[in-house]
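[1] Return a 3D structure for these sequence lines:
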Amino acid sequence: MTALTPDRIMSIANAFMDSSTLFAASDAGVFAKLAELQAADASTLATELKLDQRAAALLLHACVAAGLLVKREDKFVNTPEADQFLVPGRPGDLSAALRYNRDVVSAWQRAGSFVRDGRPVERPELHLGADRDRTRTFVLSMHYRALAIGRCAVHMFDLTGRRSLLDVGGGPGTYAVLFARAYPGLTATVLDLPDVTAIAGELIGQQGASNLVRTCSGDYRTTSFPPGADVIHFFGMLHQESPESIVRLFHKAYDCLPSGGLVHIMDMMTDRTRSAPKYSALFAMNMALTTESGWVFSDEDLTGWLRECGFVDIAVTPLPAPMPHWIAKARKP
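    Purely as a prediction, here's the structure:
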């Protein structure tokens, strides 16, 4: 019989060190500077990035230990993964997306408080308008995450012949832009809070898509859905809603759509055990820590709610790994 060791438990306990190293190096510009210089010693990087010499050396060696950098003699080099995914401007860049993870670290440190009283440990309004910097970081992070996911997922849906897409809680408008460009003749409306749509409008304009995608400011819980849509998307936002709120939103979508209209959902989901996939189960805690009703529902939950609201031809499937999202499709008869 193999003896038990504490290795896995200690790995979990120490995981914050890896992520904190990643966030610090990314924020300091280490990966971008190494992409520019190809290779550099600690002193050069500290000077170029205006960092403390001793602290920079410690950080760089920690990046090597974490597998983010390689050290060749006295010079540091990006690993292939870091070069592809952590250098701003690269097609696979995740550096801005990671800032959301960085910003919720403090909430996770207060998980003990949450499990005692059941209340979120920070106000959700912080990243939805109350704190300008947090809101901007959040929206930009969602934009870059959506780019990475949407480029893979957009062709898993069929919007051929559809004319008008309503993206409920569409955040930065990234998905709306991707779909409007993928399907000729399709225009889109992004419905979200005013402080979010202000940033979304900038991003849509920067992508040259203002003629295809417009924004509509409002709280999707209380604001009437703009008329005319024959497709409604709920992408990456239902995990902050209670079951009752989700059902109300689906009823609003049903009433707004014409016969034959489509509703599509893309979100984190678990299976019926509520503990798999692992990332979805952990993300449920993340949402509960930072929102009043946040969680992650199961594929069976979603199927039941859509059926309850009158939708037919319901299909729920996971996206291919490593994406932790599931997609759902349904039709109004």
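
[2] So which residues lie in contact with the helix-or-strand element of the chain with minimal mean pLDDT, not counting its own?
    Counting by mean pLDDT, DSSP states H and E, the weakest-scoring helix or strand in the chain turns out to be helix 132-153, with a mean of 87. Residues from elsewhere that reach helix 132-153 (CB atoms under 8 Å, 6 or more residues apart in numbering): 92-100, 103, 126-129, 171-172, 174-175, 178, 195-196, 199-200, 203, 235-236, 266, 319-320, 323, 325, 327. All C-beta spots, glycine's among them, are computed from the backbone N, C-alpha and C.

[3] repeat for stretch 16-28
    Residues outside stretch 16-28 that contact it (CB under 8 Å, 6+ apart): 31, 49, 51, 59-60, 62-63, 66, 68, 86, 95, 98-99, 101-102, 105.

[4] ChimeraX command to pick out the buried ones of those?
    Command for ChimeraX that selects the buried part of those, burial taken from 16 or more other CB atoms under 10 Å:
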select :31,51,59,60,62,63,66,68,86,95,98,99,102
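
[5] Just the closest of the contacts of stretch 16-28 to residue 39, please.
    Nearest to residue 39 among the contacts of stretch 16-28, counting by CB to CB, is residue 60 at 11.9 Å.

[6] The closest one - that's part of a helix, no?
    Yes - Residue 60: assigned to a helix according to DSSP: H, G, I helix; E, B strand; the rest coil.

[7] That one reaches residue 77, doesn't it?
    No - because the distance of 10.7 Å does not satisfy CB atoms under 8 Å, residue 60 is recorded as not touching residue 77.

[8] residues shared between the contacts of those two?
    Both residue 60 and residue 77 are contacted by 69, 71, under the criterion CB under 8 Å, 6+ apart.

[9] mind listing the strands for the protein?
    40-41, 69-72, 75-78, 164-168, 187-192, 213-217, 231-235, 262-268, 312-318, 325-331 (DSSP state E).

[10] residues making contact with the first one?
    So that's strand 40-41. So strand 40-41 is in contact with 33-34, 48, 74-76, going by CB under 8 Å, 6+ apart.

[11] what do you get for the fourth one?
    Among residues not part of strand 164-168, those counted as contacts by CB under 8 Å, 6+ apart are 159, 173, 175-176, 179-180, 186-191, 220, 225-226, 228-235, 237, 249, 253, 256.

[12] Of those, grab the buried ones for PyMOL.
    To isolate the buried ones among these in PyMOL, judged by 16+ other CB under 10 Å, type:
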select buried, resi 159+173+175+176+179+180+186+187+188+189+190+191+220+225+229+230+231+232+233+234+235+237+249+253+256
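
[13] and the closest residue to residue 293 other than its chain neighbours, what pLDDT?
    For residue 293, ignoring the flanking residues on the chain, the nearest one in space by CB to CB, 6 or more residues apart in numbering is residue 242 at 4.1 Å. We have a pLDDT of 96 for residue 242.

[14] now residue 242: how far from residue 288?
    Using CB to CB, to the nearest Å, residue 242 is found at 11 Å from residue 288.

[15] Looking at those two, which is more packed in?
    When neighbours are counted by other CB atoms under 10 Å, residue 288 comes out ahead of the other of residue 242 and residue 288, with 23 against 13.

[16] Could you pull up the residues touching that one?
    Contacts for residue 288 (CB under 8 Å, 6+ apart) come out as 114, 120, 294-295.

[17] can we see that at 10 Å?
    Counting by CB atoms under 10 Å, 6 or more residues apart in numbering, residue 288 makes contact with 107, 111, 114-115, 118-121, 239-240, 294-296.

[18] about what we covered before: for the contacts of strand 40-41, give me CSV that also has pLDDT, distance to residue 208 and neighbour count.
    Below are these laid out as CSV (pLDDT from 0 to 100; distance: CB to CB, whole Å; neighbours: other CB atoms under 10 Å):
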residue, pLDDT, distance to residue 208, neighbour count
33, 98, 30, 17
34, 98, 31, 26
48, 98, 34, 16
74, 96, 45, 11
75, 98, 40, 16
76, 98, 38, 24
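
[19] on that earlier part again, list residues touching both of residue 242 and residue 288?
    Here residue 242 and residue 288 have 294-295 as joint contacts, going by CB under 10 Å, 6+ apart.

[20] if we can go back for a sec, surely the residue nearest to residue 293 and residue 248 touch.
    Yes - in this structure residue 242 lies within contact range of residue 248 using CB atoms under 10 Å: 9.4 Å.

[21] which residues are common contacts for the two?
    Here residue 242 and residue 248 share no contacting residue, scored by CB under 10 Å, 6+ apart.
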